[in-house]
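Chemist: Quick one, what's the 3D model for this:
(one chain, ligands or ions: 1)
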Amino acid sequence: MKFRDVLGKKEVWPPPIWLMRQAGRYLPEYRATRAKAGDFISLCLNPVLAEEVTLQPIHKFGFDAAILFSDILILPMALGQGLRFAEGEGPRMPPLEDIGTLKPEQAAGVYAPVMETVSRLRGSLPQETALIGFAGGPATVACYMLDGQGGGFPRTRRLAYEQPDFVRQVLKVLTEATIEYLSAQVKAGADCVMLFESWAGIFPPAQFREFVISPNRRICEILKERHKGLKIIGFPRLAGLMLGEYAREAGVDAVGLDSVTGLPEARAACTAGTVFQGNLDPLLLKLGGRAMDEAVKRMLDEVRGHPHILNLGHGITPDVPEAHVARLVELVRQSG
Ligand code: 1CP
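Modeler: Reported below is the predicted structural model:
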């Protein structure tokens, strides 16, 4: 499988491609399935419909990998923290006050439908299409749990300085729960897993080491002990100058890059041979035209000769025309 080869540090040409949030609102068939499910959480917990939306972008564009359709906030919900998605506003949870309210022993029962989605998908996907399982990185999930919503995470930032032991306890529970959650996905049929540390970049270096790198490393160590040969992609978004340390220390096999990190700069910061994933600016996919064509060609020149997974630097937005996605895939596949 092309995708696995790259994660094993082999250069493959043309590079495999998939897009973060490739199942989503820019697709009319996604909107139709979501309407059938009712709300977003019901969609994530409905194995038949979650399988359907995962497959939609694969059938339409022929991506090299499918990512399980779910959300990083399903895990804290399974741990007992209330979750709802306010229409047009994003996730909302009651900010976590007391670690004792979390119920790790109940989580597997709540996320069981996600595992059913994974096993259905491994059965229905073409053999050559990789199935990516995923979880949020503990620091990123803790941000939502402590603040109760996205948007700067002011409470998390304050607690990290004023009550670091509380933050450490939350991260400990999350780290262990994430290991079990990802392990269950691998047992159900995921070919590799990805840790979304989307808000890694809000932490200054000392906190980045303790709250991002250390928990990521523990997750990678235990998962790799349990599942020989498992490959793990880490996405420490906006890591900035901490990127090299993350790539060396977190234990991941590939590093997802955001769009403000240049590939030559990332390569200079990391050990030779580091596998990268990314990092086209999602805005270019919305704009299409010459701007996108030129940026994609430049990117292909930059990744030639290196093991690389082509992707965006962050998730696809709902306003992207499908024709631009088809054009991107065509540009990549035609690069001889
Ligand atoms: O239909 C809808 O209106 C819901 C929109 C939506 C979708 C399609 C949300 C709400 N989540 C998802 C799916 C999702 N989320 C996937 C599925 C697979 C795929 O990529 O196709 C994945 C991997 C995620 C991961 C996720 N959820 C992250 C990490 C990646 C990232 O974007 O940085 C984060 C931060 C979330 C939280 C979340 N879920 C949904 C929203 C709108 C948000 C972000 C809120 C915020 O900006 O703080």
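
Chemist: only C-alpha atoms for contact and neighbour calcs from this point on.
Modeler: Noted.

Chemist: got the residues of the stretch 1-150 of the chain near the ligand?
Modeler: With C-alpha under 6 Å from any ligand atom as the criterion, the stretch 1-150 of the chain meets the ligand at residues 20-25, 40, 67-72, 90-91, 150.

Chemist: Just the residues you listed: which are in helices?
Modeler: residue 40 (DSSP state H).

Chemist: What segments of the stretch 1-150 of the chain are strands?
Modeler: 65-67, 84-86, 90-92, 130-136 (DSSP state E, counting those that start in this stretch).

Chemist: Rebuild these as CSV, extending it with mean pLDDT and mean neighbour count.
Modeler: Output for the strands of the stretch 1-150 of the chain, formatted as CSV (pLDDT from 0 to 100; neighbours: other C-alpha atoms under 10 Å):
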stretch, mean pLDDT, mean neighbour count
strand 65-67, 98, 25
strand 84-86, 91, 13
strand 90-92, 95, 15
strand 130-136, 98, 24
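
Chemist: Export those strands to a markdown table and append columns for distance to residue 221.
Modeler: Shown next, in a markdown table, are the strands of the stretch 1-150 of the chain (distance: least, C-alpha to C-alpha, whole Å):
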| stretch | distance to residue 221 |
| --- | --- |
| strand 65-67 | 22 |
| strand 84-86 | 32 |
| strand 90-92 | 30 |
| strand 130-136 | 16 |
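
Chemist: rewinding a little: just the buried residues of the residues of the stretch 1-150 of the chain next to the ligand.
Modeler: 20-25, 40, 67-70, 72 (16 or more other C-alpha atoms under 10 Å).

Chemist: give the contact list for residue 119.
Modeler: 188-190 (C-alpha atoms under 8 Å, 6 or more residues apart in numbering).

Chemist: Residue 261 versus residue 309, what's the distance?
Modeler: Going from residue 309 to residue 261 by C-alpha to C-alpha, to the nearest Å gives 15 Å.

Chemist: And these two? Which one has more around it.
Modeler: The residue with more neighbours, out of residue 309 and residue 261, is residue 309; 28 against 18, by other C-alpha atoms under 10 Å.

Chemist: For the more buried one, which residues are in contact?
Modeler: 3, 6, 15-18, 275-278.

Chemist: ok, residue 109 - how many residues close by?
Modeler: 10.

Chemist: Of all the residues in the helix ranked longest in the chain, which ones are buried?
Modeler: If you go by DSSP H, the chain has its longest helix at helix 164-188. Across helix 164-188, burial judged by 16+ other C-alpha under 10 Å covers 167-168, 170-171, 173-186, 188.

Chemist: do the same with stretch 233-251
Modeler: Buried residues in stretch 233-251, counted by 16+ other C-alpha under 10 Å: 233-240, 242-244, 246-247, 250-251.
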